[in-house]
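Student: Provided below are the primary sequence and the corresponding predicted coordinates.
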Amino acid sequence: MDKSNPVPKVVDAVADETAELRDRELPDLPGAPGARPPTLAEPTEPQEPLPPKPDQSAPAPLSATARPAGGDPALRAQEGAFLTTAQGRRVTDSDHSLKAGPRGPVLLQDHHLREKITHFDHERIPERVVHARGAAAHGVFRGYGTAAGVCQAAFLAEGVQTPVFVRFSTVLGSRGSADTVRDTRGFATKFYTGEGVFDLVGNNIPVFFIQDAIKFPDVIHAGKPHPDREIPQAQSAHDTFWDFVSLHTEATHHTLWNMSDRGIPRSYRMMEGFGVHTFRLVNAEGASSLVKFHWKPKAGVHSLVWEEAQLLNGTDPDFHRRDLADAIEAGAFPEWELGIQVFPDTDGQTFHGIDLLDPTKLVPEELAPVRPVGLMTLTANPTNYFAETEQVAFHPGHLVPGIDVTDDPLLAGRLFSYLDTQITRLGGPNFAQIPVNRTHAPVNDMLRDGFHQDAVHTGVAPYKPNSLDGGCPFFAGPAERGYVDFPTPVPAAAKVREAPASFSDHFSQPRLFWLSLTPTEQQHVIAAYTFELSKVHEQAIKERTLQVLANIDPRLCSEVAAGLSLPAPHRSEQLADPEPSPALSQLAGSWPVEGRVIGIVAGPAADVGRVREARDAVRAAGMTALLVAPTGAPLAEDVPVQRTFAAARSVEFDALLVLGAPTPGADDLGARDAKSAPHGAAGGVDSRVTLLVGEAYRHAKPLAGPTDAHPVWASASLDPHTPGIVTTDSAADLVNGLVGHLGTHRVWDRFPPPAN
């Protein structure tokens, strides 16, 4: 190993520290709602509030001005064994209003009623216009030191540990929408650095729909539900979205990414992140470079198939947030490397002919490799969703020395919009004092008063210059790590409402992305466009979109047109001839399997010893085992059942391990369970198991089972010799076979695409 390379040292240190967290007593099954199991009867003996669960954390215990408060981070939680008012007075009854007699009118003087109802009436804040539905986690970022040559930011130095809070989200849907819709995902990271907060606010797609922020209301209004009916929710498969993107062709690149598998991630843990814009880094000598930020998941980039997403929207609309929380609770901590693509900071701000200020363009990694600069590990779930996940406030203008913005016109608008929306959502200008938003650097800002002011400021002179407060606070120069905006030259120009000529190329990069996809991924794109456009009512919008597709690729256009029974138009633009970028495809390489979920299917007569052996082998591989059986009764005292045949669906599992051939259960009745088939149709196998296995096979998931599971394959009309079905009588070998297939996420060669 190269001793001069700091990356292995930092990674080893991370592994040691996270191993300690993983070695805590892990639950057999993540997802228990409380810190300890409840009693059957309502408790009557007063006791202090239960502690948070072991997998949970909370914002650091800091004052509103970042003075260390000391003690447990949970010090903000409720305290005492007795119910009180907000002012701490103990309450004797919270079930009955104060009335003039048992049947009399409620009295206005019932101050407890008024406090309780008033707070309830105001306990919701306006949800985000975009990114309303999110999930979040606490973690730590550790710098590799490899960015030192281009960036002076202290948190990127070798071995420096920085607390982080990360929020993942969908874009279009409301808080009540589903997780697994086809949509762009937000990937926002708050770094609590010693020099102030740095927010890296990005997406799981490296480009955006528009080039200028003035059009942001337009693209969001087009994607949101129609204003007359307020439908469809959290979807782009409707007329207004396709009307906009077919007329406004700078949206073509992002739209194509959305129609690819990237639009339906398997998990937040398996999702790439991008800063989208080009940023400027400044090193210790004051030299600048232009960069693009990348988050690379250690688990690889994987997606759902479309039918899985549709099923999950009904069976488990919280699939992504549950998956993230369960993985952290189970000790399968998600990890990402932060990387940068570095470009010379030239006058033209282009690289290989690509305009770096155009947020609808990316730079292929083959032209500018991604340089890893640090590792982020998520280690704890929030203690309270509202206090943390809902109230966290990100802003791309939260910067630290060494990181600056560029003149990207979309980024310029975001610098205004994010601050404006936080003031509206969070009730005033003091949102930075909410615990999850508090910087870990000392604060002396001269900002006073306003709604929700938590700090109790001293002094009499909140202005500069002053002498009454001894001149404090003082300005910090570069030597004191004061933030200095990079002195970028601004050429002489007229005030205009225009864009650079390079912004008018709307098709060469969508074609680059299309040609970089594997045939399997291309088939998924074709299916996505066909489905989405089939939901569009107006024929003109469909035809206009087909014209856009013709300017990307003739085959893409013709196959979507065939699915819509429409003629394929001829291209109206010259087709670009880019060199494909293999890095843009998800289907390459092999990845760790930690955190994957394996369904172990067993009937009432299953060999309990074999079930134990299989369960233990799954856990030893770092995966989660869920036992699926006819009823919820344990197979043995130490072998609990997590899913029944009636409740289980294949979409919650990454692979299935079928132990034997379960016979039909007593509830395998069409009158009781619509998933059931007529008796005898499954050849003596419970028909819910047949459906479970058939769905998993259809979704290209690995399957495994010993010899006595063959009736199950037959009931689902599966050939056990087809790719991705492991057949052996050793439980350990069955699990090892699944691990080998899960490394590539799916068994894609089970369904080879047609030759082009």
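Tutor: Here it is on my side, so go on.
Student: which strand of the protein spans the most residues?
Tutor: Scanning the chain for the strand with the most residues, using DSSP state E, yields strand 371-382.
Student: just the buried residues of that one, please?
Tutor: 371-382 (16 or more other C-beta atoms under 10 Å). Every C-beta, even on glycine, is put in place using the N, C-alpha and C of the backbone.
Student: could you say what helices and strands that strand packs with?
Tutor: The contact analysis (3 or more C-beta pairs under 8 Å, 6 or more residues apart in numbering; DSSP states H and E) places strand 371-382 against helix 6-22, strand 56-57, strand 134-143, strand 161-170, helix 319-329, strand 335-344.
Student: can you give me the strands in the stretch 451-600 of the chain?
Tutor: Using DSSP state E, counting those that start in this stretch, the strands of the stretch 451-600 of the chain run over 597-602.
Student: how about the helices and strands packed on strand 371-382 in CSV, adding mean neighbour count, mean pLDDT and distance to Glu521?
Tutor: Formatted as CSV, the helices and strands packed on strand 371-382 follow (neighbours: other C-beta atoms under 10 Å; pLDDT from 0 to 100; distance: least, C-beta to C-beta, whole Å):
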stretch, mean neighbour count, mean pLDDT, distance to Glu521
helix 6-22, 15, 80, 30
strand 56-57, 21, 89, 37
strand 134-143, 24, 98, 26
strand 161-170, 22, 98, 21
helix 319-329, 22, 96, 21
strand 335-344, 21, 98, 22
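Student: next, the distance between the ends of stretch 396-411.
Tutor: In stretch 396-411, first residue to last residue: 8 Å (C-alpha to C-alpha, to the nearest Å).
Student: mean confidence score for it?
Tutor: Mean per-residue pLDDT for stretch 396-411: 94.
Student: for that stretch, buried residues please.
Tutor: Residues of stretch 396-411 classed as buried by neighbour count (16+ other C-beta under 10 Å): 396, 398-406, 408-411.
Student: so of those, which ones are in helices?
Tutor: Among these, the members falling in helices (DSSP state H) are 409-411.
Student: one step back: of all the buried residues of stretch 396-411, which comes closest to Pro554?
Tutor: Checking the buried residues of stretch 396-411 against Pro554 by C-beta to C-beta gives Leu410 as the nearest, at 31.0 Å.
Student: can you give me the helices in the stretch 151-300 of the chain?
Tutor: Assigned by DSSP state H, counting those that start in this stretch, the helices in the stretch 151-300 of the chain fall at 216-223, 239-247, 252-259.
Student: and the first one, which residues are buried?
Tutor: Residues of helix 216-223 classed as buried by neighbour count (16+ other C-beta under 10 Å): 216, 219-220, 222-223.
Student: what about Arg698, neighbour count?
Tutor: Using other C-beta atoms under 10 Å, Arg698 has 16 other residues around it.
Student: and it, what is it in contact with?
Tutor: Residues counted as contacts of Arg698 (C-beta atoms under 8 Å, 6 or more residues apart in numbering) are Glu307.
Student: go again using 10 Å as the cut-off
Tutor: 305, 307-308, 650, 716, 718, 750-751 (C-beta atoms under 10 Å, 6 or more residues apart in numbering).
Student: and Arg133, by the same measure?
Tutor: Counting by C-beta under 10 Å, 6+ apart, Arg133 has contacts 127, 168-179, 181, 183, 186, 234, 317-318, 320-321.
Student: same thing but 7 Å
Tutor: Counting by C-beta atoms under 7 Å, 6 or more residues apart in numbering, Arg133 touches 169-170, 173-175, 177.
Student: let me know the pLDDT of the closest residue in space to Phe531 that isn't next to it in sequence.
Tutor: Distances taken as C-beta to C-beta, 6 or more residues apart in numbering place Ala237 nearest to Phe531, at 6.7 Å, with adjacent residues excluded. On pLDDT, Ala237 comes in at 96.
Student: repeat that for Gly680.
Tutor: For Gly680, the model assigns a pLDDT of 64.
Student: next, count neighbours for the closest residue in space to Phe416 that isn't next to it in sequence.
Tutor: Spatially, and ignoring its direct neighbours in sequence, Phe416 is nearest to Ala213 (7.9 Å; C-beta to C-beta, 6+ apart). Neighbours of Ala213 under the rule other C-beta under 10 Å: 19.
Student: let's have the chain start at 10 instead
Tutor: That works, and once the first residue is 10, the last one we named lands at Ala222.
Student: surely Ala222 touches Tyr427?
Tutor: No - counting by C-beta atoms under 7 Å, Ala222 sits too far from Tyr427 to count as a contact (10.7 Å).
Student: identify the contacts common to those two.
Tutor: With the criterion set as C-beta under 7 Å, 6+ apart, the contacts of Ala222 and Tyr427 do not overlap.
Student: helices and strands around the helix or strand of the chain with the lowest mean pLDDT, which ones?
Tutor: Among the helical and strand segments of the chain, the one scoring lowest on mean pLDDT, DSSP states H and E is helix 15-31, with a mean of 80. Counting contacts by 3 or more C-beta pairs under 7 Å, 6 or more residues apart in numbering; DSSP states H and E, helix 15-31 packs against strand 380-391.
Student: paired strands for the strand it packs on, with orientation please.
Tutor: Using DSSP bridges, strand 380-391 pairs in its sheet with strand 65-66 (parallel), strand 143-152 (antiparallel), strand 344-353 (antiparallel).
Student: distance to Asp32 added to those, as CSV?
Tutor: What follows is the strands paired with strand 380-391, written out as CSV (distance: least, C-beta to C-beta, whole Å):
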stretch, distance to Asp32
strand 65-66, 17
strand 143-152, 17
strand 344-353, 17
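Student: tell me which of those strands sits nearest to Ile214.
Tutor: strand 344-353 (15.7 Å).
Student: quick one, that closest one and helix 15-31 angle?
Tutor: For strand 344-353 against helix 15-31, the angle by axes from the mean of the first three to the mean of the last three C-alpha atoms, to 10 degrees is 160 degrees.
Student: so who does Pro77 touch?
Tutor: Counted by C-beta under 7 Å, 6+ apart, Pro77 has contacts Leu71.
Student: now with 8 Å, please.
Tutor: Contacts here follow C-beta under 8 Å, 6+ apart; on that basis Pro77 touches 70-71.
Student: next: Asp647.
Tutor: Arg621.
Student: try 10 Å this time
Tutor: Applying C-beta under 10 Å, 6+ apart, we find Asp647 in contact with 37, 617, 621, 624.
Student: got it, and Gly406?
Tutor: By C-beta under 10 Å, 6+ apart, the contact set of Gly406 is 208, 210, 414, 420, 423-425, 427-428.
Student: among these, which are located in strands?
Tutor: Applying DSSP E to the contacts of Gly406, the entries found in strands are 208, 210.
Student: among the contacts of Gly406, name the buried ones.
Tutor: 208, 210, 414, 420, 423, 427-428.
Student: which element is the residue lying closest to Val735 once chain neighbours are set aside on?
Tutor: In this structure, Val735 finds its nearest non-sequential neighbour in Gly746, 3.3 Å apart by C-beta to C-beta, 6+ apart. Per DSSP states H and E, Gly746 falls inside helix 740-751.
Student: that helix packs against which elements?
Tutor: When contacts are defined as 3 or more C-beta pairs under 10 Å, 6 or more residues apart in numbering; DSSP states H and E, helix 740-751 sits against strand 606-611, helix 617-629, strand 664-668, strand 712-714, strand 734-736.
Student: apply 7 Å and report the result again.
Tutor: Helix 740-751 sits against helix 617-629, strand 664-668, strand 712-714, strand 734-736, with contacts defined as 3+ C-beta pairs under 7 Å, 6+ apart.
Student: tabulate the ones you listed (JSON lines), appending mean neighbour count, mean pLDDT and distance to Pro500.
Tutor: Listed next are the helices and strands packed on helix 740-751 as JSON lines, based on neighbours: other C-beta under 10 Å; pLDDT from 0 to 100; distance: least, C-beta to C-beta, whole Å:
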{"stretch": "helix 617-629", "mean neighbour count": "18", "mean pLDDT": "95", "distance to Pro500": "62"}
{"stretch": "strand 664-668", "mean neighbour count": "27", "mean pLDDT": "97", "distance to Pro500": "58"}
{"stretch": "strand 712-714", "mean neighbour count": "26", "mean pLDDT": "98", "distance to Pro500": "63"}
{"stretch": "strand 734-736", "mean neighbour count": "20", "mean pLDDT": "96", "distance to Pro500": "64"}
